[in-house]
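> just a sequence and a predicted model for now, questions to come.
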Amino acid sequence: MTYFFEISSPRKETIAKNAGKPSVLFITLHGLKAFNQKQGFSEGNHFLQAFAQLLAQHFDRENCCRLGGGHFSVIADGTNIDDKLRSLIENCKNLNTTGGIHPHIGIYTYENDDVNINMACDRAKLACDSLEDNRTAGIARYDQKIKHEEENHRYILENLNKAIAERWITVYYQPIVRTVNEKVCDEEALARWIDPVKGFLSPADFIPVLEEEKLIYKLDLYMLERVIEKMKYLESQNIPVIPQSINLSRSDFEVCDMVTEITNRVRAAGISPELLVIEITETVHGVDYDFLNEQIRRFHEAGFKVWMDDFGAGFSTLDVLQDFDFDLIKLDMHFIQSFGNNRKNPIIIRKIIEMADALGIDTLAEGVETEDHMKFLEEIGCDRLQGYYFSKPLPYDEVMKLLQEKGVIASF
């Protein structure tokens, strides 16, 4: 790989002098891992060798490199390169007699910018990564959209610590109401990044970046500290404190002992653990089941309730219910937002509520936006509701004002 990067720089200059378009390719053999599991590593090695020969035939051996695993890189003239790539993909099909392996190809073409080969390869990889969800072969080019995402990614990482220290990240609260009386019984704490340079950043802008880099634990512990701070303030003003829920990410459990981190902070503040709810997204099932069960047990022993967020968003819903001891499940909002558009939808929602009730698990529906949603969920016995019908996520002062105006919490 080092040698490839060394020879690619002069190769790039040669292409440019000949009026070509220096381009770096990053190629991932999507599906290779599953292929190895089914056919064995020996067959996988044969496929890698055969694919390497294909690359050499199309781009010459000295212009190609295997980076590791099922990843390859190529330095080439990008002029009319699409024909070569289509031929490469077609020939790859002939190697792939059992199916399941598809080349994903990312392309970075030099324009007027002067980045080194390593950076060019990274950018080609970003383009390739954009094809991750494709189950067929594909080609993607590094463009302004990907460039913006790359710049955003870098900005988030470089400024996370400052955003926490300067409190650019603020807590918004979304009320959760009890269905039987429409009174607020809980609030969910949600992160919003209000940046002095980039303005308002939605969670979709920064949470995936922090999860990918395994830094989300910093945000989650910061959110916990801000929620505790709010609780202590309310206590000092003799205002009743209702339970607050915070979200934990899968990677939190991989990086630190979240049970200990949270328990120590709550105890130090003198807050009852009954006032803090732990929300774990359903996608956390990627963590070892025995390990996660142990964390849930420890949370329960410390006095916390544990909810499963985004129930139904993944593909192992029933396994999750069977294997984990959650106190409540939050129905993913797509269930409610699809209400009325699919005749199966109300039946599925009703049966989920019935099943949870039989298991002794409380239920909460997200995405409640209309009176019809509310009436249906009340009819089928859903315990709690959350959504824009009641309130969107708001800063602390605004949510307090809203609750006072609506009179949904008598104490306020």
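Sure, I can see it.

> can you point out the buried residues in the helix or strand encompassing D252?
Assigned by DSSP states H and E, D252 falls within helix 250-255. By 16 or more other Cβ atoms under 10 Å, the buried positions in helix 250-255 come out as R250, S251, D252, F253. The C-beta positions use only the backbone N, C-alpha and C, and glycine is treated the same way.

> that helix: how far from the chain's middle?
Distance of helix 250-255 from its chain centroid, counting by Cα atoms, centre = their mean, to the nearest Å, is 13 Å.

> restricting to C-alpha, output that helix in PDB.
Below are the C-alpha coordinates for helix 250-255, written out as PDB (Å, rounded to 0.1, in the frame of the first residue of the first chain):
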ATOM      1  CA  ARG A 250     -25.000   1.400  21.400                       C
ATOM      2  CA  SER A 251     -21.400   2.600  21.300                       C
ATOM      3  CA  ASP A 252     -21.700   4.100  24.800                       C
ATOM      4  CA  PHE A 253     -21.500   0.500  26.200                       C
ATOM      5  CA  GLU A 254     -18.500  -0.300  24.100                       C
ATOM      6  CA  VAL A 255     -16.500   2.700  25.300                       C
END
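
> continuing past it, what's the next helix or strand?
helix 258-269.

> which secondary element of the chain has the worst mean pLDDT?
Lowest by mean pLDDT, DSSP states H and E among the helices and strands of the chain is helix 317-323, with a mean of 75.

> what helices or strands is that one leaning on?
Under the contact criterion of 3 or more Cβ pairs under 8 Å, 6 or more residues apart in numbering; DSSP states H and E, helix 317-323 touches strand 305-311.

> quick one: strands adjacent to the strand it packs on?
When pairing is defined by DSSP bridges, strand 305-311 lines up against strand 276-281 (parallel), strand 328-331 (parallel).

> can you mark which positions in that strand are buried?
For strand 305-311, by 16+ other Cβ under 10 Å, it's K305, V306, W307, M308, D309, D310, F311.

> now do the same for it: mean pLDDT, whole number.
The average pLDDT within strand 305-311 is 92.

> next, format the buried residues of helix 250-255 as CSV and append pLDDT and distance to I352.
As requested, the buried residues of helix 250-255 are exported to CSV (pLDDT from 0 to 100; distance: Cβ to Cβ, whole Å):
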residue, pLDDT, distance to I352
R250, 83, 23
S251, 87, 28
D252, 92, 27
F253, 91, 26
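
> which residues touch L275?
With contact taken as Cβ atoms under 8 Å, 6 or more residues apart in numbering, L275 is in contact with M231, V241, I242, P243, Q244.

> which of those fall in strands?
Q244 (DSSP state E).

> phi first, then psi, for the spatially most central residue of the chain.
Geometric centre of the chain, nearest residue: P208, 4.5 Å, by Cα atoms, centre = their mean. Phi and psi for P208, reported as degrees, to the nearest 10, are phi -60, psi -40.

> one more: Y110?
phi -70, psi 130.

> just the pLDDT for it.
pLDDT, Y110: 93.

> so where's the protein shaky on pLDDT?
For the chain, applying pLDDT under 70 flags the ranges 97-98, 282-287, 314-317, 340, 405-412.

> direction included, what does the longest strand along it pair up with?
The residue-count maximum for a strand in the chain (DSSP E) belongs to strand 183-195. Applying DSSP bridges to the sheet, strand 183-195 is found paired with strand 169-178 (antiparallel), strand 199-201 (antiparallel), strand 244-248 (parallel).

> CA atoms of stretch 271-279 as CSV?
C-alpha atoms of stretch 271-279 as CSV (Å, rounded to 0.1, in the frame of the first residue of the first chain):
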residue,chain,number,x,y,z
ILE,A,271,-31.4,12.8,42.7
SER,A,272,-33.7,9.8,43.0
PRO,A,273,-32.9,7.3,40.3
GLU,A,274,-36.7,6.9,39.8
LEU,A,275,-36.7,10.3,38.2
LEU,A,276,-34.2,9.3,35.5
VAL,A,277,-35.3,7.0,32.7
ILE,A,278,-32.7,5.3,30.5
GLU,A,279,-33.7,4.9,26.8
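
> buried sites along it?
Neighbour-count burial for stretch 271-279 [16+ other Cβ under 10 Å]: I271, P273, L275, L276, V277, I278, E279.

> tell me the secondary structure at the residue lying closest to the second one once chain neighbours are set aside.
What sits nearest to P273 in space, not counting adjacent residues and going by Cβ to Cβ, 6 or more residues apart in numbering, is G303, at 3.4 Å. Under DSSP: H, G, I helix; E, B strand; the rest coil, the three-state class of G303 is coil.
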